[in-house]
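Predicted model follows, preceded by the sequence.
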Amino acid sequence: MANRIRIPDPLREFTDNNEFVEVNAPDIGTAITNLLSRFPDIREHLVDDTGDLRRFVCVYVNKEDIRFLQNQQTPLKDGDEILIVPGLIHQSSAVAAIAVADSLSISRGSNLN
Amino acid sequence: MDKHNGFMKALKCRECGREYPLTANHVCEFDFGPLEVAYDYDRIKKSLTRAAILSRPQNMWRYHELLPVVGEPTVGFAVGYTPLVKADRLARKLGIRELWIKNDTVNYPTLSFKDRVVSVALSRARELGFTTVACASTGNLANSVAANAAASGLKAYVFIPSDLEQGKIVNSLVYGANVIGIKGHYDEVNRLCAEIAGKFGWAFVNVNMRPYYAEGSKSMGFEIIEQLDWRIPRHTVVCMASGSLLTKIHKSYQEFAKLGLVPETNFKIHGAQATGCSPISTAQKAGLDFFKPVKPNTIAKSLAIGTPADGFYALRVMKETGGVAEDVTDDEIREGIKLLAECEGIFAETAGGVTVGVAKKLIASGKIPANDSAVLCVTGNGLKTVDAVAGCVGRPREIKPSLREFETLLAAENLSAVNA
């Protein structure tokens, strides 16, 4: 079954600048493992030393936060879209969160000194 | 003192500890954690003594070593050192031995605790060379940015939900700030501001200036300790919007203890929310260390943040100190406002009603023991949200300008009082 993971702008340098990465996985945990094995440089930004997702990395399936589903055991159906959203972003909707996430790198570049 | 960084060392990620230069930046590029100001406490210890503090003017800058500006502050000289009121009548009403109100309803110049964070953010913004400042706000912050920017010659853009209380809108417009009403909740305002901050390169006090801005809240905690004759209160009740104030009160108590300015004693910090926007208190009561975002629906608009940026850390502070969270309905908020006004002569905005209402619940349930002592942080002035209570404080009784009419009115009321 095919799903795609949407990579936010600040992390695309680790996915060959791809906005979307295709994975085949029965659940979120496997999908993330597949992503990390294909693009190992993204690992340290998404998970900690024990392999848990970092606190400020949120994952959504079809715009629902996986912490309110079954976390990494959340099952995937064909065509489900996975969103990875980093930052201080617990936005009220995944769409809003993505907009903020994509702006992070720009925001960092705007410092005056 | 390091002439470039003052008593600051770096911006430091609260998650991984990576350090960054002291610029306008708020997110760690490694793990996306929030950045916080790290200080050189060894040098601060040599400079910040009780004697030094007592020799300085009574404003928040008497603790300047622990506030993130390098030179002299250039914005908000007169902010802070608001009264800590011993609230004996309210204490009797709520059934607790000793109660104090930290009264930021009279903070200068815009009557809320936000003047503390804004004077720090704007002073630091000037040091970093910004000439335009901005904020996403539920109202009080907009007022403070507008006023303090006007007084210091900075250009201001403030972004607010368009359905805010009229008082808070006028209180931003009058200073000549560019006020932009967004047709949406605060969280949507915040999202837009994150995008604008990136594109326009302004100093957004609660976006890219957030690490500095948030530190200003510590001054409230420093003052509480000093005004309690150098002790940390056993219980502190703090209202929560983003949760930042609660975490900074905690940090202020820890810093004074670390610097030896006050003995290390046990204290609990409790969080207060409105039931109509209670992501943090709901999570705390469920024993979770993360919260579920909500769409706010409460009269406490200054606390109506459904996706609190510091929610995780507020939950951690409550857990670490043994504090709890509670929330109150709109009716309980109005009752809290009235209780504080009738017992202590302090007219707080809705957030103050939340704090008093929650304190009442925590005392009644024994979570704050009746034989103990508590400080309630009251953060904003009721004159800004009169609509919230206008319908529940009664109406003036009207009579003709005649002594007889007044005596008749009084007699009727005494009679009804006797019969009641």
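Nice, thanks for sending it over. Residues are numbered from 1 along each chain as shown, chains lettered A, B, ... in the order given.

Could you report the neighbour count for residue 12?
Looking at chain A here, since you left the chain open. Residues lying near residue A:12 (other Cβ atoms under 10 Å in any protein chain shown) number 16. The C-beta positions use only the backbone N, C-alpha and C, and glycine is treated the same way.

Please refer instead to chain B.
The tally of other residues near residue B:12 (other Cβ under 10 Å) stands at 20.

Which other helices and strands does the lowest-mean-pLDDT helix or strand in chain B contact?
Sorted by mean pLDDT, DSSP states H and E, the helices and strands of chain B end with helix B:186-200, the least confident at a mean of 80. When contacts are defined as 3 or more Cβ pairs under 8 Å, 6 or more residues apart in numbering or on different chains; DSSP states H and E, helix B:186-200 packs onto helix A:94-108, strand B:132-136, strand B:155-161, strand B:178-182, strand B:203-204.

Can you get me a residue count around the spatially closest residue to residue B:130 that is not a sequence neighbour?
Among residues not flanking residue B:130 along the chain, residue B:203 sits closest, at 3.9 Å (Cβ to Cβ, 6 or more residues apart in numbering or on different chains). Neighbours of residue B:203 under the rule other Cβ under 10 Å: 27.

Equivalent analysis for residue B:401, please.
Counted with other Cβ under 10 Å, residue B:401 comes out at 6.

Next: the one 3 residues further on.
Counted with other Cβ under 10 Å, the neighbours of residue B:404 add up to 9.

so it is in which element?
Taking DSSP states H and E as the definition, residue B:404 sits inside helix B:403-419.

Mind listing residues that contact that helix?
For helix B:403-419, contacts defined as Cβ atoms under 8 Å, 6 or more residues apart in numbering or on different chains pick out B:397, B:399.

same question, stretch B:117-124
So stretch B:117-124 is in contact with B:60, B:67-69, B:73-76, B:79, B:133, B:141, B:144-145, B:148-149, B:152, B:154, B:203, B:205-206, B:209, B:212-217, going by Cβ under 8 Å, 6+ apart.

and the gap between the spatially most central residue of chain A and residue A:41?
In chain A, the centroid-proximal residue (Cα atoms, centre = their mean) is residue A:84; its distance is 1.7 Å. Separation of residue A:84 from residue A:41 (Cβ to Cβ, to the nearest Å): 15 Å.

give me the number of residues near the closest residue to chain A within the stretch 151-300 of chain B?
Relative to chain A, the nearest point of the stretch 151-300 of chain B is residue B:198 (3.6 Å; Cβ to the nearest Cβ). Residue B:198 has 21 neighbours, counted by other Cβ under 10 Å.

Does anything pack onto the host helix or strand of residue B:320? Which helices or strands?
In the assignment (DSSP H and E), residue B:320 maps to helix B:311-321. If contacts are counted by 3+ Cβ pairs under 8 Å, 6+ apart, helix B:311-321 sits against helix B:244-258, strand B:268-274, helix B:279-285.

Buried deepest among those, which one?
Comparing these by mean neighbour count (mean count of other Cβ atoms under 10 Å in any protein chain shown), strand B:268-274 comes out on top with a mean of 28.

does it come close to chain A?
No: applying Cβ under 8 Å from any Cβ of the partner chain, one finds strand B:268-274 separated from chain A by no less than 15.3 Å.

now could you export just the CA positions of that strand as PDB?
Below are the C-alpha coordinates for strand B:268-274, written out as PDB (Å, rounded to 0.1, in the frame of the first residue of the first chain):
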ATOM      1  CA  LYS B 268       3.900  24.800  44.400                       C
ATOM      2  CA  ILE B 269       2.800  26.600  41.200                       C
ATOM      3  CA  HIS B 270      -0.800  26.100  40.100                       C
ATOM      4  CA  GLY B 271      -2.200  26.900  36.700                       C
ATOM      5  CA  ALA B 272      -5.600  28.500  36.000                       C
ATOM      6  CA  GLN B 273      -7.600  28.400  32.800                       C
ATOM      7  CA  ALA B 274     -11.100  29.100  31.600                       C
END
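
Strands along chain A, start to end?
Per DSSP state E, chain A carries strands over the ranges A:3-6, A:20-23, A:57-61, A:64-65, A:81-86.

ok, back up a step: need the helices and strands packed on helix B:311-321 in a markdown table (columns: mean pLDDT).
Shown next, in a markdown table, are the helices and strands packed on helix B:311-321 (pLDDT from 0 to 100):
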| stretch | mean pLDDT |
| --- | --- |
| helix B:244-258 | 98 |
| strand B:268-274 | 98 |
| helix B:279-285 | 98 |
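
Now render those as CSV, adding distance to residue B:385.
Shown next, in CSV, are the helices and strands packed on helix B:311-321 (distance: least, Cβ to Cβ, whole Å):
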stretch, distance to residue B:385
helix B:244-258, 18
strand B:268-274, 12
helix B:279-285, 21
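
burial measure for the closest residue to residue B:268 other than its chain neighbours, as a count.
Distances taken as Cβ to Cβ, 6+ apart place residue B:323 nearest to residue B:268, at 4.3 Å, with adjacent residues excluded. Residues lying near residue B:323 (other Cβ under 10 Å) number 24.

Unless I misread the structure, residue B:323 falls within a strand.
No: applying DSSP: H, G, I helix; E, B strand; the rest coil, one finds residue B:323 to be coil, outside a strand.

what residues are up against it?
Counting by Cβ under 8 Å, 6+ apart, residue B:323 touches B:235, B:268, B:269, B:270, B:271, B:317.

Sort out which one of these lies nearest residue B:221 for me.
The closest of these to residue B:221 turns out to be residue B:269 (Cβ to Cβ; 9.6 Å).

which sections of the chain are below the confidence cut-off?
Going with chain A. Applying pLDDT under 70 to chain A flags the ranges A:1, A:87-113.

Can you look at chain B instead?
Applying pLDDT under 70 to chain B flags the ranges B:1-3, B:418-420.

Around chain A, which positions in it sit nearby?
Close to chain A, as judged by Cβ under 8 Å from any Cβ, chain B has residues B:15, B:23-27, B:29-34, B:128-130, B:185, B:187-188, B:191, B:194-195, B:197-201, B:207-208, B:290-295, B:306-309, B:311-312.

For residue B:59, the count of nearby residues, please.
Residues lying near residue B:59 (other Cβ under 10 Å) number 21.

so how far is residue B:190 from the closest residue to residue B:180 other than its chain neighbours?
The spatially closest residue to residue B:180, leaving aside those adjacent along the chain, is residue B:159, at 4.9 Å (Cβ to Cβ, 6+ apart). Plainly put, residue B:159 is 9 Å away from residue B:190 if you go by Cβ to Cβ.

Name all residues that sit in contact with these two at the same time.
Residues touching both residue B:159 and residue B:190 (Cβ under 8 Å, 6+ apart): residue B:136.

And the two? Which one has more around it.
residue B:190 (29 against 21).

For the nearest residue to that one once chain neighbours are set aside, give its distance to residue B:142.
Nearest residue to residue B:190, sequence neighbours excluded (Cβ to Cβ, 6+ apart): residue B:136, at 4.6 Å. According to Cβ to Cβ, residue B:136 stands 9 Å off from residue B:142.

And for residue B:388?
18 Å.

cool, residue B:311 as well?
22 Å.

Have a look at the two and say which one is more surrounded.
residue B:142 (31 against 28).

Which strand or helix spans the more buried one?
Per DSSP H and E: residue B:142 is located in helix B:140-152.

just residue B:377 next, same as before
Residue B:377 is part of strand B:373-378 when elements are defined by DSSP H and E.

Run through who's touching stretch B:166-180.
Applying Cβ under 8 Å, 6+ apart, the contact partners of stretch B:166-180 are B:110, B:139-140, B:142-143, B:145-147, B:149-150, B:155-160, B:181, B:383-387.
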